[in-house]
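>>> Sequence and predicted model, in that order:
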Amino acid sequence: MNEKLKMSFVGAAAKFNYDLNSLEELTNPKRVDQYILSELNELLELNNKSVMQARAEYFKIPGTVPSDYEQKLIRIEDSDQYVLAGIRHFGQNPKKPFIYIWANFKIEENKMESITKNILPYFEIFNPLHISYMCSPKLLSKHENSNNFSVSQKFYIANLKRIHAHTFPNKNKELTLEKIENQDYYSWYEKEYSLFHQMAPEMRDIVPVNNFELMEKCREENLLYYGTVNNEKVGLIAAEKNDIFGIKGIYINEIMIAKDYRGNKYSESLLANFAASLPKSVKVLWSHIDSRNIPSTKSALNLGQKVFSIECFYKL
């Protein structure tokens, strides 16, 4: 892919995939373009032969070969419009395949039939269920009219100054952070998730337990804490260093409140205390939340986080 074509993908993403107004005064167009270009280059790295081979061996879809996992540059009709398209599997489940696309133009409902016709032949061996693409929340209403459309995940971002300005009920002011220093936390974490999934089995796939390796990465970066009240563990927060749009940032992997303490807005207090512990060089917190996870969505919005991108699914 030549540089001019690459930058057409970058420009379309900046305009149509994200609401950059959510960054407020932190917005820097040059840094935004550099960040999106790095995301595009990272996507293209999936075309390394070793990566395609590993994916084919992992999913073991009958009849497939490594090249089926290539991120394909596909022209839409006889135009200068292109999409990068590649197969994905929801939750790494080989029985839930979908096609992820990144377009160098604005994706609209009236273009989905043409997009589908042009890209589906490359992925028919997988029997994909959906097409997935990113959309700015400002453009969401242009997609919602389709019966084939659904929202999968929403991506949230918060300028730290908004979180610092938040106030809480008196009962939550007693919450303090306790840095997790060893691996003993994971059995407690798994137990609390097991209790949660027993109470709400429909949330098992929506809010899964994080694996040990990911949680340890957070601990090794000194970004794994208990939230405690009167020396009792009420929850846990896990995060990792992850800049976004050229801004020093922290990505939130987990906020979990223990069974006996849910419903008290402790998740908001836990995040606010965590934010207060970060160095001044960190400017934003960001995360993604499944659109069906209503409690976490409410907590994010209550703390001043804003939706800056949405993962849309179009049913095939």
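Yes, it's here.
>>> Flag the shaky bits of the chain, pLDDT-wise.
By pLDDT under 70, the low-scoring segments of the chain are 141-146, 166-173.
>>> That one: helices as residue ranges?
Counting by DSSP state H, the chain has helices at residues 3-12, 29-44, 49-59, 112-119, 160-164, 185-199, 212-220, 266-277, 294-302.
>>> For my notes, please list those in a markdown table and give mean neighbour count and distance to N231 for each entry.
(Each C-beta comes from the backbone N, C-alpha and C, glycine too.) A markdown table is the format used below for the helices of the chain (neighbours: other CB atoms under 10 Å; distance: least, CB to CB, whole Å):
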| stretch | mean neighbour count | distance to N231 |
| --- | --- | --- |
| helix 3-12 | 15 | 50 |
| helix 29-44 | 15 | 42 |
| helix 49-59 | 14 | 44 |
| helix 112-119 | 16 | 55 |
| helix 160-164 | 16 | 25 |
| helix 185-199 | 15 | 15 |
| helix 212-220 | 15 | 21 |
| helix 266-277 | 21 | 15 |
| helix 294-302 | 16 | 24 |
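>>> which one of those helices lies closest to K154?
helix 294-302 (7.2 Å; CB to CB).
>>> In PDB, could you pull the C-alpha coordinates for the closest one?
Provided in PDB are the C-alpha atoms of helix 294-302 (Å, rounded to 0.1, in the frame of the first residue of the first chain):
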ATOM      1  CA  ILE A 294     -25.300  -1.100  31.700                       C
ATOM      2  CA  PRO A 295     -23.800  -0.700  35.200                       C
ATOM      3  CA  SER A 296     -20.200   0.000  33.900                       C
ATOM      4  CA  THR A 297     -21.600   2.300  31.200                       C
ATOM      5  CA  LYS A 298     -23.400   4.400  33.800                       C
ATOM      6  CA  SER A 299     -20.300   4.500  36.000                       C
ATOM      7  CA  ALA A 300     -18.200   5.700  33.100                       C
ATOM      8  CA  LEU A 301     -20.600   8.400  32.100                       C
ATOM      9  CA  ASN A 302     -21.100   9.500  35.800                       C
END
